[in-house]
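> give the three-dimensional model of this entry:
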Amino acid sequence: MRTMLFVDDHPIYREGLKRALFELVHDLDVVVASGTQEALQLVDARADIDLILADYRLADGDGISILRTVAPSHCDVGLGILCADVTSDLIARVKKLGGVACLSKNRDVTQLASAIETLFAGGMVFDEKEFTSARDGSLSIRRQEIVLLAAGGYLDKEISERLNISESTVRNHWQHIFAQLGASNRTEAVFKATRLGLI
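Residues are numbered from 1 along each chain as shown. Modelled structure (predicted):
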């Protein structure tokens, strides 16, 4: 059994990704942590962690600090960042720490599962800044999260606060969601995403 530690402070995204990877990636145990402190405690307590993927922005720090702390004493653990905004600077910082991945949350779950398989096979995956989801009708994990929150009655301002992104970024995601689903408004997008089993 392979073990991946996923660190993200958004519970909906964290648990949703864990469920999706359980279904898509064979022989994978996903352990989750909500922040840097919890992640470092898990790394110290468990000897079976093979891969760590952490969000860049966390409530009690950032993913880079996790990589920086873990790298010197756990050279056998693959280290990477999974975040909304992949930049060339962030990629350079991850590589400098010996990281194997800098992945965009704009990947859909199938693409993310494929990247994780590559990492477990000893490869490296660094996404370009403008990585976009495959146009196969699926939604990126971030967009699934936005639609889920909308389905729960959250307004764009509240969604932006929950996900720690700007309201304009939320609106930009909605435009892509509408285009992907052929929807003209939020209500229709939620309905179609639910009907298609995308959330």
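
> only C-alpha atoms for contact and neighbour calcs from this point on.
Will do.

> all helices of this structure, in order?
11-24, 36-45, 63-70, 88-96, 109-120, 141-151, 156-163, 167-181, 186-195 (DSSP state H).

> what's the angle from the second one to helix 63-70?
Spelled out, it's helix 36-45. 30 degrees (axes from the mean of the first three to the mean of the last three C-alpha atoms, to 10 degrees).

> one step back: can I get the helices of the chain in CSV with mean pLDDT and mean neighbour count?
Shown next, in CSV, are the helices of the chain (pLDDT from 0 to 100; neighbours: other C-alpha atoms under 10 Å):
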stretch, mean pLDDT, mean neighbour count
helix 11-24, 87, 16
helix 36-45, 97, 15
helix 63-70, 97, 20
helix 88-96, 94, 15
helix 109-120, 92, 18
helix 141-151, 92, 21
helix 156-163, 94, 17
helix 167-181, 91, 16
helix 186-195, 86, 17
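
> care to break this protein down by domain?
2-126, 141-195 (automatic domain parsing).

> quick one on the thing from earlier: can you tell which of the helices of the chain is closest to residue 79?
Comparison of the helices of the chain against residue 79 by C-alpha to C-alpha identifies helix 63-70 as nearest, at 6.3 Å.

> hmm, back to that, dump the helices of the chain into JSON lines; add distance to residue 4 as well.
Converted to JSON lines, the helices of the chain look like this (distance: least, C-alpha to C-alpha, whole Å):
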{"stretch": "helix 11-24", "distance to residue 4": "10"}
{"stretch": "helix 36-45", "distance to residue 4": "11"}
{"stretch": "helix 63-70", "distance to residue 4": "14"}
{"stretch": "helix 88-96", "distance to residue 4": "18"}
{"stretch": "helix 109-120", "distance to residue 4": "9"}
{"stretch": "helix 141-151", "distance to residue 4": "18"}
{"stretch": "helix 156-163", "distance to residue 4": "23"}
{"stretch": "helix 167-181", "distance to residue 4": "28"}
{"stretch": "helix 186-195", "distance to residue 4": "28"}
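
> residue contacts, the closest residue to residue 99 other than its chain neighbours?
Closest residue to residue 99 apart from its sequence neighbours, by C-alpha to C-alpha, 6 or more residues apart in numbering: residue 79 at 4.7 Å. With contacts defined as C-alpha atoms under 8 Å, 6 or more residues apart in numbering, residue 79 is in contact with 51, 52, 53, 67, 71, 98, 99, 100, 101.

> quick check: the fifth one touching residue 95?
The reference is to residue 71. No - taking contacts as C-alpha atoms under 8 Å, residue 71 lies outside contact range of residue 95: 11.5 Å.

> which phi and psi does residue 124 have?
phi -130, psi 150 (degrees, to the nearest 10).

> when you give positions from now on, start the count at 43
New numbering, starting at 43: the last item is residue 166.
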